[in-house]
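[1] Provided below for reference: sequence and predicted model.
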Amino acid sequence: MKFFAVLALCIVGAIASPLSADEAALVKSSWAQVKHNEVDILAAVFAAHPDIQAKFPQFAGKDLASIKDTAEFATHATRIVSFFSEVISLSGDQANLSAVYALVSKLGADHKARGITAAQFSEFRSSLITYISSHVSWGDNVAAAWNHALDNTYAVVLKALE
Ligand code: HEM
């Protein structure tokens, strides 16, 4: 029992300031406008940061135009985008904090095992935001909500990468 109380405190501590209901609504509504653009999103990330593409054994060294329309590319793009969809769907409800923490910290640990660096996660973040901000109606409130969401997510990922 004591163990679970300590664990709960650690989890809440790791996600120090959960999203408000308003912020979660802004993230959800903007994500809903791009979440079916999986291939486009991953292609934008690879185009902006070829070092990220180089970490994927099946895509490394290949011309982006030649892989972008393949089923394999769509599969990977869908995995990555679905991860965000899952975390975003859980956001805005404190009862889901420990589930979000578990998902994101596993993501970090799995990527650490692949040799992915904190700098590459930051590159991914900036190209994701560039993509979203140019495909949805974007303003200071939406930007602040996304920053808050990604700050929380990345605090957990970066801890797992250490
Ligand atoms: C927040 C950002 C990211 C998310 C949400 C994400 C999500 C995922 C997911 C869901 C998978 C499949 C499940 C798994 O095997 O773990 C995966 C696999 C992978 N990710 Fe990421 N990822 C992110 C960032 C990155 C970055 C920055 C890199 C490289 C620099 C990367 C490289 C890989 C590789 C190499 C795989 C394995 C692909 C394979 O099956 O061969 N990821 N990622």
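    Structure received.

[2] separation between the residue most central in space within the chain and the ligand?
    Centroid-nearest residue in the chain, with CA atoms, centre = their mean: F84, separated by 5.1 Å. Per CB to the nearest ligand atom, to the nearest Å, F84 is found 6 Å from the ligand. The C-beta positions use only the backbone N, C-alpha and C, and glycine is treated the same way.

[3] list the contacts of that residue.
    31, 35 (CB atoms under 8 Å, 6 or more residues apart in numbering).

[4] residues of the chain that sit close to the ligand?
    Within the chain, the residues that sit near the ligand (CB under 6 Å from any ligand atom) are 52, 55-58, 79-80, 83-84, 107, 110-111, 114, 116, 120-121, 124.

[5] using PyMOL, define a selection of the buried residues within these.
    One line in PyMOL is enough to select the buried ones among those; burial here means 16 or more other CB atoms under 10 Å:
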select buried, resi 52+56+80+84+107+111+116+120+121+124
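
[6] which of the residues of the chain next to the ligand fall in helices?
    52, 79-80, 83-84, 107, 110-111, 120-121, 124 (DSSP state H).

[7] tell me the one of the residues you listed nearest A25?
    Taking CB to CB as the measure, A25 lies nearest F84 of these, at 16.0 Å.

[8] next SSE after the helix or strand hosting S29?
    Using DSSP states H and E, S29 sits within helix 21-34. Downstream of helix 21-34, the first helix or strand assigned by DSSP H and E is helix 38-48.

[9] report all helices and strands that that next one contacts.
    Under the contact criterion of 3 or more CB pairs under 8 Å, 6 or more residues apart in numbering; DSSP states H and E, helix 38-48 touches helix 50-53, helix 64-67, helix 71-90, helix 118-133.

[10] which residues are in contact with the second one?
    This points to helix 64-67. The set of residues external to helix 64-67 that reach it, using CB under 8 Å, 6+ apart, is 43, 46-47, 53, 59, 73.

[11] kindly report the same for stretch 39-49.
    34, 52-53, 59, 64, 68-69, 73-74, 76-77, 80-81, 120, 123-124, 126-128, 130-131.

[12] rerun that using 7 Å as the cut-off
    Defining contact as CB atoms under 7 Å, 6 or more residues apart in numbering, one finds that stretch 39-49 is touched by 34, 52-53, 64, 68, 73-74, 76-77, 80-81, 123-124, 127-128, 131.
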